[in-house]
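quick one, fold the following:
(one chain, ligands or ions: 1)
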Amino acid sequence: MLLRHTTAKEIDRKALTINPAKTCQPIGAMYAALGFHGCLPHSHGSQGCCAYHRSALSRHFREPIMAGTSSFSEGSSVFGGQANLVQAIDTMFTVYNPEVIAVHTTCLSETIGDDMLAIISKADEDGCIPKGKSVIYCNTPSYVGTHVTGYSNMVTSFVKNFATATPKKRNVINLVAGWMEPSDMAEIKRLAKVMEARTLMFPDMTGVLDAPLDGHYKMYPKGGTTLEEMKLSGDSKFTIGLGPMTTEAACIQMDNKCKVKFEVIDIPIGFKATDRFLMSLSRHANVPIPEELSDERGQLIDLISDSARHLYGKRVALWGDPDTLVPLTEFLVSMDMKPVYIVSGTASKYFDEKMPVILKDIPEAKFMCGERADMFRMHQWIKQEGVDLLIGNTYGKYIARDEDTPFVRFGFPIADRPGHNYFPKTGYKGAANLLTQMVDAMLDKFDRVCDEEKVEFQM
Ligand code: SF4
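Presented below is the predicted three-dimensional model:
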């Protein structure tokens, strides 16, 4: 009974968030930066911020997360962090030799008003940036936006600093990956490969945050989008952004800078969103959708059909980020489930526009995004009328325990279960994986609590 004080009665709150369904901007910026090969993220602020961001990512991926910090003291908090950052850039290139340092700001450096461009220029003038190496930055004040905003800002900064248009156009489609697991990115790249479409994904955490354990520590694992590929992305013939909140700004930047047209679609979670992704890629890369993928789709539909009686009408509560919640909700509705409570701590026009359409036939559904859409509110809704299944990150485990509700872990962070970075949730195979977890969780509970005479061998 960890959350035993939660009451069913909601009180209108205007200035209080309890157990927010989000985390802070720099975590997203740090995660995005790790998707570029040879990149060392750097947190311009106090050590505490950097330690928190690194540990949040380390706990989720169970991998070492390397990043620098400007280590603000009382002095830098008053007079600004220029001296610390210039020194840090010099030390990092000397000791750790990255290809690029990706600096993100923090609440403190933003409040001081540090001019990042001026500081990086000063480091260059002082000879702290070796020839052929780069330092880029993005602003990530965490008192606005969330980890989703930070991710978007860093991806956009990479486009701004590296994408270059030349007269030599390439028959390649840029895939801008929204916030997802390395396994999801690997699955999307596999789908593109099966279609024989030439694609360039960025950022790309495969081979970085799912790197094999081979007994040798590598500061910069072999994966990630290279800076050379990022430069070439400006010559691609089209860009597909996967997830409006995390990729649209980068797509617009690419179009403005390199005149590469774009389309932003949902992350391919569930069969409808996967259909849209494959059709978009087929159209823009001018390649057919092969039978192999039609068969994968058919297998998913077969699995849905086999599971239909366990799914029909089941009430689900979910929380996370708009880019994943929207296609996930659509997937649940398409299987005749009832996503009745949905919260995201990230304020999103995309969420606000899409959810009423997807949930139009479920009048009892409650959904909310922004600062007041917190886990406490979701728990109050569940107290008012229970659900059959919870889907979200580890912060929901306390609700799952108190309410004895089946729980499928999905999103960020997942700090209490390993393996999520190896098994995709995207594509048809990922949807089958997710569906199996949902059915297993609900049937496990049934087997555990049902009367003895109702325990069945065949279900
Ligand atoms: S002070 Fe700001 S940047 Fe630092 S951990 Fe807290 S919210 Fe994040």
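
tell me where the model's unsure across this protein.
Applying pLDDT under 70 to the chain flags residues 1.

contacting residues for the spatially closest residue to Lys259 that is not a sequence neighbour?
Spatial nearest neighbour of Lys259, excluding adjacent residues (Cβ to Cβ, 6 or more residues apart in numbering): Ala165 at 6.3 Å. Placement of C-beta: from N, CA and C, glycine included. Ala165 makes contacts with 234-235, 257-260, as judged by Cβ atoms under 8 Å, 6 or more residues apart in numbering.

could I get the phi/psi values of Ala165?
phi -90, psi 130 (degrees, to the nearest 10).

check the one 5 residues further on too.
Comment: the main-chain dihedrals of Arg170 come out as phi -120, psi 150, following degrees, to the nearest 10.

quick check: it vs Met230, distance?
As judged by Cβ to Cβ, to the nearest Å, Arg170 and Met230 stand 13 Å apart.

tell me where the chain has strands.
39-44, 68-69, 100-105, 134-138, 173-177, 199-202, 238-242, 262-265, 315-319, 338-344, 366-369, 389-392, 407-409 (DSSP state E).

which among the ones you listed is found nearest to Val455?
Closest to Val455 of those is strand 389-392 (Cβ to Cβ; 20.7 Å).

elements contacting that closest one?
strand 315-319, strand 407-409, helix 427-449 (3 or more Cβ pairs under 8 Å, 6 or more residues apart in numbering; DSSP states H and E).

outside of it, which residues touch it?
So strand 389-392 is contacted by 21, 314-320, 328, 337, 396, 399-400, 405-411, 438, 441-442 (Cβ under 8 Å, 6+ apart).

sorry, back to before: deepest in the core, which of the helices and strands packed on strand 389-392 is it.
strand 315-319 (a mean of 25; mean count of other Cβ atoms under 10 Å).

residues near Met254, how many?
Residues contacting Met254 under the criterion other Cβ atoms under 10 Å number 27.

check contacts around it.
159, 163, 174, 176, 233-234, 239, 260, 262.

let me know the closest of those residues to the ligand.
For the contacts of Met254, the residue nearest the ligand by Cβ to the nearest ligand atom is Val159; the value is 23.3 Å.

now His104. Nearest residue, chain neighbours left out?
Nearest to His104 is Ala29, by Cβ to Cβ, 6+ apart, at 3.7 Å.

against the ligand, how distant is the one you found?
10 Å (Cβ to the nearest ligand atom, to the nearest Å).

Ala273: which of the strands of the chain is closest?
Set against Ala273 and scored by Cβ to Cβ, the strands of the chain come closest in strand 262-265, at 7.6 Å.

and the contacts of Met254, which of them are buried?
Buried members of these, counted by 16 or more other Cβ atoms under 10 Å: 159, 163, 174, 176, 233-234, 239, 260, 262.

and the residue nearest to the spatial centre of the chain, what is it in contact with?
The residue lying closest to the centre of the chain (Cα atoms, centre = their mean) is Trp179, at 2.1 Å. Trp179 sits next to 28, 31, 147-148, 151, 243, 246, 321, 323-324, 412 when contact means Cβ under 8 Å, 6+ apart.

of those, closest to Phe376?
Asp321 (18.4 Å).

can you get me a residue count around that closest one?
Counted with other Cβ under 10 Å, Asp321 comes out at 30.

and it, what are its phi and psi?
phi -100, psi 150.

just checking, it touches Gly411?
Yes. Taking Cβ atoms under 8 Å as the definition, Asp321 is a contact partner of Gly411 at 6.6 Å.

ok, stretch 371-390 near the ligand or not?
No. Applying Cβ under 6 Å from any ligand atom, one finds stretch 371-390 out of contact with the ligand, separated by at least 13.0 Å.

hang on, the earlier thing: with distance to Leu117 added, can I get the strands of the chain in JSON lines?
Listed next are the strands of the chain as JSON lines, based on distance: least, Cβ to Cβ, whole Å:
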{"stretch": "strand 39-44", "distance to Leu117": "12"}
{"stretch": "strand 68-69", "distance to Leu117": "18"}
{"stretch": "strand 100-105", "distance to Leu117": "11"}
{"stretch": "strand 134-138", "distance to Leu117": "8"}
{"stretch": "strand 173-177", "distance to Leu117": "24"}
{"stretch": "strand 199-202", "distance to Leu117": "23"}
{"stretch": "strand 238-242", "distance to Leu117": "26"}
{"stretch": "strand 262-265", "distance to Leu117": "26"}
{"stretch": "strand 315-319", "distance to Leu117": "37"}
{"stretch": "strand 338-344", "distance to Leu117": "32"}
{"stretch": "strand 366-369", "distance to Leu117": "32"}
{"stretch": "strand 389-392", "distance to Leu117": "38"}
{"stretch": "strand 407-409", "distance to Leu117": "40"}
